[in-house]
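Novice: Got a predicted model here, sequence first, then my questions.
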Amino acid sequence: MSTTRHVLLTALLLGACTDGVARESVPAEAEPEPTAAVVTIDGRDQYALLGDIEGTQGNALARDGAAMGRVRAAWQGVRVRWEAAFVAPLCRDAGSCHLAPFDHARVTDHRIQQGWMPQLELDDAGVAALARQCAPHPACVVEFEATLREFVFDPEHATALRFADVAVLGTRAARADESWLATPGRPRGRT
């Protein structure tokens with residue numbers, strides 16, 4: 001058989017299989033778009049954490065390590081949205097960017113005696129952007145969303161918090177009724 005006959009025979013067979021009607025090719029079923037993971041923001045703020053910490057510590061000689069572990073487990077890994085104060089000397093580079101976590105004027109029944117300052121995991125560009133956003137404010141309050149990646153809270157070590165996946169949502173000037181760096185109108189020392 002000649003090549004021409006093979007081509008004609010193949011064309012006739014293909015035509016018979018399709019009834020001579022051209023069919024549009026059907027596209028393969030499209031893969032569903034991946035949906036973004038829904039991230040739940042824990043509604044508790046740093047004052048709730050402060051209450052949890054203060055509730056476990058009692059006096060310094062009788063700290064309950066098991067209770068401290070429960071507090072740590074309840075908080076580590078959660079995503080939060082908090083406000084805290086930016087203090088330029090405490091946030092100069094990516095390896096060491098800490099915020100002052102408490103508006104001391106908000107807690108009126110006792111003096112805040114916790115000394116922990118949350119560390120934000122930001123790269124150098126993130127630290128520079130935060131400093132630029134806070135530059136216009138004499139006292140700058142930062143709203144951020146982040147995941148509490150590391151929470152050191154046990155009887156043997158100083159309390160420390162490290163936040164990852166940080167998103168700075170905005171900055172603002174501290175209001176006249178806020179006191180982010182000192183307890184207003186109270187004498188220093190234990191009260």
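Specialist: Received, thanks. Numbers count the residues shown, from 1 in each chain.

Novice: contacts, neighbours, all on C-alpha from now
Specialist: OK.

Novice: Checking the residue nearest to Ala88 when sequence neighbours are not counted next. Helix, strand or coil?
Specialist: Spatial nearest neighbour of Ala88, excluding adjacent residues (CA to CA, 6 or more residues apart in numbering): Ala131 at 7.1 Å. Under the three-state scheme (DSSP: H, G, I helix; E, B strand; the rest coil), Ala131 adopts helix.

Novice: wait, isn't Ala131 in contact with Leu90?
Specialist: No: using CA atoms under 8 Å, Ala131 makes no contact with Leu90, being 11.0 Å away.

Novice: what about Pro136, helix or strand, and which?
Specialist: Pro136 belongs to no helix or strand when elements are defined using DSSP states H and E.

Novice: Can you give me the distance of it to Asp42?
Specialist: Pro136 sits at a distance of 30 Å from Asp42 (criterion: CA to CA, to the nearest Å).

Novice: Show the pLDDT at the residue nearest to Ala88.
Specialist: Note on Ala131: pLDDT of 97.

Novice: And for Arg79?
Specialist: Reported pLDDT for Arg79: 98.

Novice: Next, count neighbours for it.
Specialist: For Arg79, the neighbour count with other CA atoms under 10 Å is 22.

Novice: Spatially nearest residue to it (excluding sequence neighbours)?
Specialist: Thr147 (4.1 Å).

Novice: List the buried residues in the helix or strand hosting that neighbour.
Specialist: Element membership of Thr147 [criterion: DSSP H and E] is strand 140-154. Buried residues in strand 140-154, defined by neighbour count with 16 or more other CA atoms under 10 Å: 140-154.

Novice: what pLDDT, on average, does it get?
Specialist: Average pLDDT, strand 140-154: 96.

Novice: what's the angle from the helix or strand following it to strand 140-154?
Specialist: Remark: after strand 140-154, the chain's next helix or strand is strand 157-173, criterion DSSP H and E. Interaxial angle, strand 157-173 versus strand 140-154 (axes from the mean of the first three to the mean of the last three CA atoms, to 10 degrees): 170 degrees.

Novice: What pairs with strand 157-173, parallel or antiparallel?
Specialist: Sheet pairing for strand 157-173, assigned by DSSP bridges, gives strand 119-120 (parallel), strand 140-154 (antiparallel).

Novice: I am finished for the moment; much appreciated.
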